[in-house]
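Student: The following block contains a protein sequence and its predicted model.
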Amino acid sequence: MSANIYKHEFRTRLRSVVIWSGSIAFLVIFYFSMFPVFADQAALINQMMARFPQAMREAFGLGRVDLATVLGFYSFIFLFIQLCLAIQAGNYGFGLVSVEESELTADFLLSKPVSRTQVLISKLLAALTSLIITNLVVWVSSFVAISLFREQRQYEPRTLLLLLLSIVIFQLFFLSVGLVVSLLVKRVRSVTPYSLGLGFGSYVLSAFSGMLGDVKLELITPFKHLDAAYIVQHGAFDTPLVLLNIAVTLVSLAASYWLYLRRDIPAIS
Amino acid sequence: MSVIEVNHLTKYYGKARGIIDVSFSEEEGEIFGFIGPNGAGKSTTIRLLLSLIYPTSGSAKVFGQDVVAHGPEIRRDIGYLPSEVYYYEGMKVVDLLKYSASFYDRDCTQRMHELSELMELEMNRRISDLSYGNKKKVGIVQGLLHSPKLLFLDEPTAGLDPLMQRKFFNLIREENKRGVTVFFSSHILGEVQRLCTRVGIIREGRIVEISNIRTLQQNNYKKVRVTADGLNPAAFDLPGVTNLEAENSTVHFFFKGDINAVLQRMHGVQVTDVTIEEPTLEEIFMHYYE
């Protein structure tokens, strides 16, 4: 790894990290501030929920959790946190090396005395650092939100820890899948459509799998692999699905490495 | 010692032709001109030598080491000025140059400031605010600040005003005097003629000629022009004559071979004017492309 590339990469992404982290922290605290109302009116809310169509409750993961409990409510918010994290990590993944090509700076970087391996590892570590910062912000804002608004209601800290630990696995999935897709297509002109597509796409797949009760779709979407409602219900990960998720991440990383080392950098024209 | 050795290098982009079976070598301290029209494969060759792309077949060595296997080590002593310059838009010039310098294990600060001063580069402006010509200057400083032993210049003068071009050529000559080997790709023949000692001509991906500029000019073709009343152009239709053209009482053509054959034809003709001169590189070049 070369420190100068790492530093450069980290700096260019700093603004984006601050904006994402700030927005997610705001989202966590703002939504969780409504928890006391939900908890106080538990009976009423559950009545109202019962009136929603079954499919819709399934889509939002509401069928299986009790919104009147701390973690039940938190797992509902967690879905939106995941969606943001997926888009952010997807952005970094899709853009990791393709940005050099779309902004035509790849010639500059790769004519320097560094190997492709060094470039890729430095870039990955810089992106990972950025994601970990956002991750930490989610941890802190979640603890703050829960301790501010739980009003003496009890929760299982171990389960919360599991939820928060799932974030890094989730982020790595989107980072590495984004990276491998960006290396498989000929040219990524703009990163956002890809990361929105991947993020929302896998969310919708997970929502549909809830609606249709179709087991097969669960296999490919990380929103199911690391389903907050499941973790809260069982107090544990769905181990086979989590292992599958990690396997996809590792395969994507290995494939990205293989592809990048052999990649012809497109000429400017 | 050969600084660049290219052996039967071939590159296809899928089915599209890059270069085919290109072989040449460049000695230390040379300025080698690489000329050909757009799309002939000049940039492809340079990008292969920098391992920005990988060969389909054949091999190339720089400083005696294979470019694919030893890319990073080789690039320590290479400076590269691409034909189109693009840098991280949000950065300031000085930060970009420092970033560039940070890749080399030597202190480049002094050379960086010398070069920026020489090229009249404003260090505190943002890259995104620079004009094309100014970006090109950033490219020049960036390519030279680590005092490379081998310079790749890919159509370097586009976008520079004539004054800057002259400064740039003087800079390249100075570097060359210090022993720097230069690989100069261009389609502007005048500048190749001014700077280079040897040239390679590439056409549709293949090398068509490699020779000294001098021999290319001297041994190959003479440009002959004869003015006389009542001249019959057909009289000069000899073996070795090309591009024979007549207008009014003037005949001009290129000739390759023993010049006495032409002189014999003129014998006995009352000529008003005769010139026999070396063609410009431009004219030789056009000849290769017809």
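Tutor: Yep, it's here.
Student: nearest spatial neighbour of residue A:218, skipping sequence neighbours?
Tutor: Distances taken as CB to CB, 6 or more residues apart in numbering or on different chains put residue A:224 closest to residue A:218, at 4.0 Å, once the chain neighbours are dropped. Glycine gets a C-beta too; all of them are placed from N, C-alpha and C.
Student: which element is that neighbour on?
Tutor: Secondary structure assignment for residue A:224, by DSSP states H and E: helix A:222-225.
Student: right, and residue A:13 touches residue A:126 too?
Tutor: Yes: counting by CB atoms under 8 Å, residue A:13 touches residue A:126, with 6.9 Å between them.
Student: just to revisit the earlier point, I'd like to know how far the residue nearest to residue A:218 sits from residue A:242.
Tutor: Taking CB to CB, to the nearest Å as the measure, residue A:224 falls 10 Å from residue A:242.
Student: ok and the residue in the stretch 101-250 of chain A nearest chain B?
Tutor: Using CB to the nearest CB, the closest approach of the stretch 101-250 of chain A to chain B is made by residue A:104 at 3.6 Å.
Student: Tell me if that residue really is in a strand.
Tutor: No: assignment of residue A:104 by DSSP: H, G, I helix; E, B strand; the rest coil gives coil, placing it outside any strand.
Student: Can you report how many residues lie near it?
Tutor: Residues lying near residue A:104 (other CB atoms under 10 Å in any protein chain shown) number 18.
Student: Would you mind telling me which of residue A:224 and residue A:242 has the busier surroundings?
Tutor: Remark: of residue A:224 and residue A:242, residue A:224 carries more neighbours, 22 against 17, as counted by other CB under 10 Å.
Student: confidence score at the more buried one?
Tutor: Listed pLDDT for residue A:224 reads 82.
Student: mind checking which helix or strand residue A:143 is in?
Tutor: helix A:116-149.
Student: Sort out which residues of that helix are buried, please.
Tutor: Buried positions in helix A:116-149, judged by neighbour count with 16 or more other CB atoms under 10 Å in any protein chain shown: A:116, A:118-124, A:126-128, A:130-131, A:133-135, A:137-138, A:141-142, A:145-146, A:149.
Student: in the helix or strand following that helix, what counts as buried?
Tutor: Later in the chain than helix A:116-149, the nearest helix or strand by DSSP H and E is helix A:157-184. Neighbour counts using 16+ other CB under 10 Å place A:159-160, A:162-164, A:166-167, A:169-183 of helix A:157-184 among the buried residues.
Student: Show me what the helix or strand following helix A:157-184 is packed against.
Tutor: The helix or strand immediately downstream of helix A:157-184 is helix A:191-212, counting by DSSP H and E. With contacts defined as 3 or more CB pairs under 8 Å, 6 or more residues apart in numbering or on different chains; DSSP states H and E, the packing partners of helix A:191-212 are helix A:54-59, helix A:70-102, helix A:157-184, helix A:222-225.
Student: and these, which one's lowest on average pLDDT?
Tutor: Across these, the lowest-scoring stretch is helix A:54-59, with a mean of 72.
Student: how distant is it from the center of its chain?
Tutor: Computed by CA atoms, centre = their mean, to the nearest Å, the chain-centroid distance of helix A:54-59 equals 22 Å.
Student: Repeat that for stretch B:141-152.
Tutor: 17 Å.
Student: got the CA positions of that stretch in PDB?
Tutor: Output in PDB follows, covering the C-alpha atoms of stretch B:141-152 (Å, rounded to 0.1, in the frame of the first residue of the first chain):
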ATOM      1  CA  VAL B 141       6.200  20.200 -15.100                       C
ATOM      2  CA  GLN B 142       4.600  17.000 -13.700                       C
ATOM      3  CA  GLY B 143       6.400  14.900 -16.300                       C
ATOM      4  CA  LEU B 144       9.800  16.400 -15.700                       C
ATOM      5  CA  LEU B 145       9.900  17.300 -12.000                       C
ATOM      6  CA  HIS B 146      11.500  14.000 -10.900                       C
ATOM      7  CA  SER B 147      14.300  14.300 -13.400                       C
ATOM      8  CA  PRO B 148      13.500  11.200 -15.400                       C
ATOM      9  CA  LYS B 149      16.000   9.300 -17.600                       C
ATOM     10  CA  LEU B 150      13.400   8.600 -20.300                       C
ATOM     11  CA  LEU B 151      10.700  11.000 -21.500                       C
ATOM     12  CA  PHE B 152       7.600  10.000 -23.400                       C
END
